[in-house]
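Engineer: I'll drop the sequence and a predicted model, then ask my questions.
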Amino acid sequence: MDVWDSIVIGAGQGGLAASYFLTQRKVTHLVLDGNPVAGGAWQHRWDSLTMHDVHGVADLPGETAPARSADRANVAVPNYFADYEARHQLPIVRPVVVEEVTSEGELLVVRASDGRAWRTRTLVNATGTWTRPNWPDYPGVDDFRGEQFHTATYPGREHLRGKRIIVVGAGASAVQFIGELAPIADVLWVTRRPPQWRTSDFGPQTGLEVVTEVEKRVVAGLPPISVVGATGLMLREQEQEAARLGAFEDPLPIFERIVEGGAQWSDGVVEEADVILWATGFRSAVDHLEPLGLRGPQGGIPLVRVEGNVQAATTAALDPRVHLIGYGPSASTIGASRAARRAAMEVAKKVASPFGTSRNVSVGGG
């Protein structure tokens, strides 16, 4: 089995940016992607999500991202990624579902679910969160007769037209769903905690403060919180109609249990529903890294702080061979690209000497 200088896991924003910067530094590497085609998590988003609706797609290194438009995001962004991969001849292997990463001496071994394996001197993990939706487990959840969806499985507004929908969650996705659904359906908003509305403009200084707080958590080894979630909520133009209908006023506290026809609160009140939509976020998709023992006593993966650059914390404190992009302060499209540059620089330093005779130039597994 050949030895690679680096293996990148994931071909979303962070993985593509990492591959670009690794290529610039002449670091031989492969990008292993679990999807059958280009597009990362964007290809799995719902059809009604347009480029006007997304919170922003940052430029990949050297290329301009698609502009805001009425185009479907699940088409425009995957096309952008596919063109980028081809134009820069990135060494991507797909589909590869990585099952685990283990340590064998000085090397890391990346094993896929189909039995293939790769040995590498360093690893760049850019798996994001999309494959780890957080489905809360409430009493009676399996008794519900209606439909249940998560953000990751949201079927789009037309499927839910005219239905009675309980939207659960206090984040940006919940607000977006309510804005889309309230004009065409009967929506009831339920939150575990009061929604945190942004009361001031979100400028560069505010953004830096938010990312700095997220960085402090991961450097301390605490589980990361969402950068987007930490910015606070605001209503965009496309959500104003729902606001006029009162859809965002006084969300109900979380229910006690789910019943066949809806949800029941602690005072015995039952609200009927055809659909429960769980806008309850995602967790970091890092289970395949568990054999490396990267977690600290606080439950998160502590990262090494980089003085003066809060989005450059990518190196795992307990194993400097491993870098995480899209984890903690780099969990945004712009943050992922910035972190990718730093990770590539650190990888290049690590493998600079000696190169040995096992450097590879072809794309393949095993």
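Structural biologist: Looks like it came in fine. Numbers count the residues shown, from 1 in each chain.
Engineer: where exactly do the helices run in the stretch 151-300 of the chain?
Structural biologist: For the stretch 151-300 of the chain, helices defined by DSSP state H, counting those that start in this stretch occupy the ranges 172-181, 204-219, 227-230, 240-244.
Engineer: how about the last one: buried residues?
Structural biologist: Taking 16 or more other C-beta atoms under 10 Å as the basis for neighbour counts, the residues of helix 240-244 that come out buried are Ala242. The C-beta positions use only the backbone N, C-alpha and C, and glycine is treated the same way.
Engineer: what's next to that helix, contact-wise?
Structural biologist: Under the criterion C-beta atoms under 8 Å, 6 or more residues apart in numbering, residues Ile178, Gly179, Glu180, Leu181, Ala182, Pro183, Val187, Leu235, Phe248 lie in contact with helix 240-244.
Engineer: follow-up on the earlier one: mean pLDDT for the helices of the stretch 151-300 of the chain: which is lowest?
Structural biologist: Here the lowest mean pLDDT among the helices of the stretch 151-300 of the chain goes to helix 227-230, at a mean of 57.
Engineer: Val96 versus Asn60, what's the distance?
Structural biologist: Residue 60: Leu, not Asn. Counting by C-beta to C-beta, to the nearest Å, the gap between Leu60 and Val96 amounts to 21 Å.
Engineer: surely Gln238 is in contact with Phe177?
Structural biologist: No: shown here, Gln238 and Phe177 do not form a contact pair, counting by C-beta atoms under 8 Å, at 11.7 Å.
Engineer: what's the closest of the contacts of helix 240-244 to Asp83?
Structural biologist: For these, the residue nearest Asp83 by C-beta to C-beta is Glu180; the value is 28.7 Å.
Engineer: in the longest strand seen in the chain, what counts as buried?
Structural biologist: Longest strand of the chain, by residue count under DSSP state E: strand 117-125. Neighbour-count burial for strand 117-125, counted by 16+ other C-beta under 10 Å, picks out Trp118, Arg119, Thr120, Arg121, Thr122, Leu123, Val124, Asn125.
Engineer: what are the pairing partners of it, and which direction each?
Structural biologist: Paired neighbours of strand 117-125 in the sheet (DSSP bridges): strand 3-9 (parallel), strand 107-112 (antiparallel), strand 322-324 (parallel).
Engineer: tabulate those (CSV), appending distance to Val168.
Structural biologist: As requested, these are exported to CSV (distance: least, C-beta to C-beta, whole Å):
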stretch, distance to Val168
strand 3-9, 31
strand 107-112, 35
strand 322-324, 29
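Engineer: and among those, the most buried is which?
Structural biologist: Comparing those by mean neighbour count (mean count of other C-beta atoms under 10 Å), strand 322-324 comes out on top with a mean of 27.
Engineer: residues contacting it, please?
Structural biologist: Here strand 322-324 makes contact (C-beta under 8 Å, 6+ apart) with 101, 108, 122-126, 286, 289, 292, 294, 301, 303, 314-316, 330, 343, 346-347.
Engineer: equivalent analysis for stretch 335-350, please.
Structural biologist: With C-beta under 8 Å, 6+ apart as the test, stretch 335-350 has contacts from 5-6, 12-15, 17-18, 20-22, 24-25, 27, 58-61, 121-122, 124, 126, 211, 227, 306, 309, 311-315, 320-321, 323, 325-326, 329-330.
Engineer: and the strands in the stretch 1-150 of the chain, which stretches?
Structural biologist: Applying DSSP state E, counting those that start in this stretch to the stretch 1-150 of the chain gives strands spanning 3-9, 29-32, 92-93, 98-104, 107-112, 117-125, 147-150.
Engineer: now swap in the stretch 201-350 of the chain and tell me
Structural biologist: For the stretch 201-350 of the chain, the strands defined by DSSP E, counting those that start in this stretch cover 252-253, 257-259, 262-264, 270-272, 275-278, 322-324.
Engineer: which elements pack onto the second one?
Structural biologist: Under the contact criterion of 3 or more C-beta pairs under 8 Å, 6 or more residues apart in numbering; DSSP states H and E, strand 257-259 touches strand 262-264.
Engineer: okay, now the sheet partners of the strand it packs on, with direction.
Structural biologist: Short version: by DSSP bridges, strand 262-264 pairs with strand 257-259 (antiparallel), strand 270-272 (antiparallel).
Engineer: mind listing what's buried along the first one?
Structural biologist: Of the residues in strand 257-259, those buried by neighbour count under the rule 16+ other C-beta under 10 Å are Ile258, Val259.
Engineer: off-centre distance for it?
Structural biologist: 29 Å (C-alpha atoms, centre = their mean, to the nearest Å).
Engineer: wait, what's in contact with Ile165?
Structural biologist: Leu181, Ala185, Asp186, Val187, Leu188, Ala273, Asp274, Val275, Ile276, Leu277.
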